[in-house]
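Trainee: no sequence on this one, just coordinates:
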């Protein structure tokens, strides 16, 4: 039987995940990256249970998390350190925090092992619904499946008129890594709020902490690179000693939201940020991309007709994705648009809502989702014979 073929534009986290899983299932996959080499920008990354299970399906879990910190609690606190919400983790409801570079390299290695063909300096400029990927150099490549995994500003998404809206949001975000010192928290994430400003402390590896700062996009001091330490110390005096240690290096990003009219047209689909870019408020952008990649691969195993499989995939995967995206979006609005004169009410409201079953379920629905293919993997492992000890 001839192997089915896939052309995937974008060798970020979502493109690599889908390419790897399809290749593992027997597809012939060609992955295109516009950059000259495969590089991952950013600092640390939250890997929730849904993302971790996806990595287990792909075989990338061990390598991706070898240096990751295992998180015990995620806390939200005000600028004085008073707790507003505490979200504990358990053995079956995990949150791990590795450097992004570790995760990226693990996915690259699994893709190569699975036989994915990866082309750098290969710029995709469009796609046609018959399964044609168009490249900047004039080539047109046919495949059973073409996937746009080329990010929030996807050119391929627009070539099939899939965009519904794109919101550039009200926040700017800065990500950085800084040296870990004795006495720094080892397993607790703390997210400090002060009006529309946030400082998020994440233990990342034995040697580094991951810091995320967010401010209104129009706040020049808040989005300044190098970081304005005096400004952030004024906003969060309770962690002034930590702020004094901030490194000069950092990355500034505009936090955007993307919503699609549809996730596919014919043999062309959209995945990851191209389909559902969201601000990093729940740490679910990459995790949902992994979850949706696993769901698409599973659906293609069950539904032979690719256009029909793409539609069935969206029917199965989109409700959860929409839920997570909207919660992430609204989370940002609560921070960025809350009236300054009613800040005590915001704190009281969060403390009260965090105790309700509805809030707890809604906040964590994505994180606790079991990705398609995971239960089959578990059953396979249980059936595998135990390794024999040799003398």
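Mentor: Structure received. It should be emphasised that the depicted structure is a prediction, and the values quoted were computed from it without experimental measurement.
Trainee: can you tell me the helix or strand for residue 178?
Mentor: Under the criterion of DSSP states H and E, residue 178 resides in strand 171-179.
Trainee: that strand pairs with which strands, and in what direction?
Mentor: strand 208-216 (antiparallel), strand 251-254 (antiparallel) (DSSP bridges).
Trainee: to residue 324, which of those lies closest?
Mentor: In terms of Cβ to Cβ, the element of these nearest to residue 324 is strand 208-216, at 18.3 Å. From N, CA and C alone the C-beta is placed, and that goes for glycine too.
Trainee: C-terminal to that closest one, what's the next element?
Mentor: Next element after strand 208-216 (DSSP H and E): helix 229-235.
Trainee: what mean pLDDT does stretch 219-228 have?
Mentor: Taken as a whole, stretch 219-228 carries a mean pLDDT of 89.
Trainee: roughly how far is that stretch from the heart of the chain?
Mentor: 25 Å (Cα atoms, centre = their mean, to the nearest Å).
Trainee: same check, this time on stretch 294-301
Mentor: On Cα atoms, centre = their mean, the centre of stretch 294-301 falls 19 Å from that of its chain.
Trainee: need the helices for the stretch 1-150 of the chain, in chain order.
Mentor: For the stretch 1-150 of the chain, the helices defined by DSSP state H, counting those that start in this stretch cover 13-24, 49-58, 61-65, 100-114.
Trainee: now render these as TSV, adding mean neighbour count.
Mentor: Below are the helices of the stretch 1-150 of the chain laid out as TSV (neighbours: other Cβ atoms under 10 Å):
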stretch	mean neighbour count
helix 13-24	28
helix 49-58	24
helix 61-65	18
helix 100-114	20
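Trainee: and the closest residue to residue 114 other than its chain neighbours, how far from residue 112?
Mentor: Leaving aside its chain neighbours, residue 114 sits nearest to residue 23 (3.7 Å; criterion: Cβ to Cβ, 6 or more residues apart in numbering). Distance, residue 23 to residue 112, using Cβ to Cβ, to the nearest Å: 10 Å.
Trainee: and what of residue 277?
Mentor: Applying Cβ to Cβ to residue 277 and residue 112 gives a distance of 27 Å.
Trainee: spatially central, which residue of this protein would that be?
Mentor: residue 286 (1.7 Å; Cα atoms, centre = their mean).
Trainee: show me what contacts that residue?
Mentor: 13, 14, 45, 47, 51, 103 (Cβ atoms under 8 Å, 6 or more residues apart in numbering).
Trainee: nearest spatial neighbour of the fifth one, chain-adjacent residues omitted?
Mentor: Closest residue to residue 51 apart from its sequence neighbours, by Cβ to Cβ, 6+ apart: residue 287 at 3.5 Å.
Trainee: kindly report the same for the second one.
Mentor: Spatially, and ignoring its direct neighbours in sequence, residue 14 is nearest to residue 272 (2.8 Å; Cβ to Cβ, 6+ apart).
Trainee: what of the third one?
Mentor: Distances taken as Cβ to Cβ, 6+ apart put residue 100 closest to residue 45, at 4.8 Å, once the chain neighbours are dropped.
Trainee: wait, doesn't that neighbour sit right on residue 43?
Mentor: Yes. Residue 100 is within contact range of residue 43, at 6.5 Å (criterion: Cβ atoms under 8 Å).
Trainee: circling back: quickly note the distance from the residue nearest to residue 114 to residue 348.
Mentor: On the measure of Cβ to Cβ, residue 23 and residue 348 end up 51 Å apart.
Trainee: try residue 284
Mentor: With Cβ to Cβ as the criterion, residue 284 and residue 348 are 26 Å apart.
Trainee: who has more neighbours, the two?
Mentor: residue 284 (26 against 12; other Cβ atoms under 10 Å).
Trainee: so that one sits right up against residue 278, yeah?
Mentor: Yes. Between residue 284 and residue 278 a contact is recorded at 7.1 Å, counting by Cβ under 8 Å.
Trainee: what residues are shared contacts of those two?
Mentor: The contact sets of residue 284 and residue 278 overlap at 324, 328 (Cβ under 8 Å, 6+ apart).
Trainee: count of residues packed around the nearest residue to residue 34 once chain neighbours are set aside?
Mentor: Nearest residue to residue 34, sequence neighbours excluded (Cβ to Cβ, 6+ apart): residue 123, at 4.5 Å. Using other Cβ under 10 Å, residue 123 is surrounded by 15 other residues.
Trainee: give the contact list for residue 123.
Mentor: 32, 34, 135, 136, 137.
Trainee: which one (most neighbours) among these?
Mentor: Result: residue 32 is most packed of the contacts of residue 123 (other Cβ under 10 Å), 24 neighbours.
Trainee: ok, it touching residue 16?
Mentor: No. Using Cβ under 8 Å as the test, residue 32 is too far from residue 16 to be in contact (11.8 Å).
Trainee: pipe the contacts of residue 123 into TSV and attach pLDDT and distance to residue 166 per row.
Mentor: As requested, the contacts of residue 123 are arranged in TSV below (pLDDT from 0 to 100; distance: Cβ to Cβ, whole Å):
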residue	pLDDT	distance to residue 166
32	98	23
34	94	20
135	97	24
136	97	23
137	96	28
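Trainee: can you lay out the residues you listed as TSV showing distance to residue 145?
Mentor: Converted to TSV, the contacts of residue 123 look like this (distance: Cβ to Cβ, whole Å):
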residue	distance to residue 145
32	14
34	20
135	17
136	21
137	21
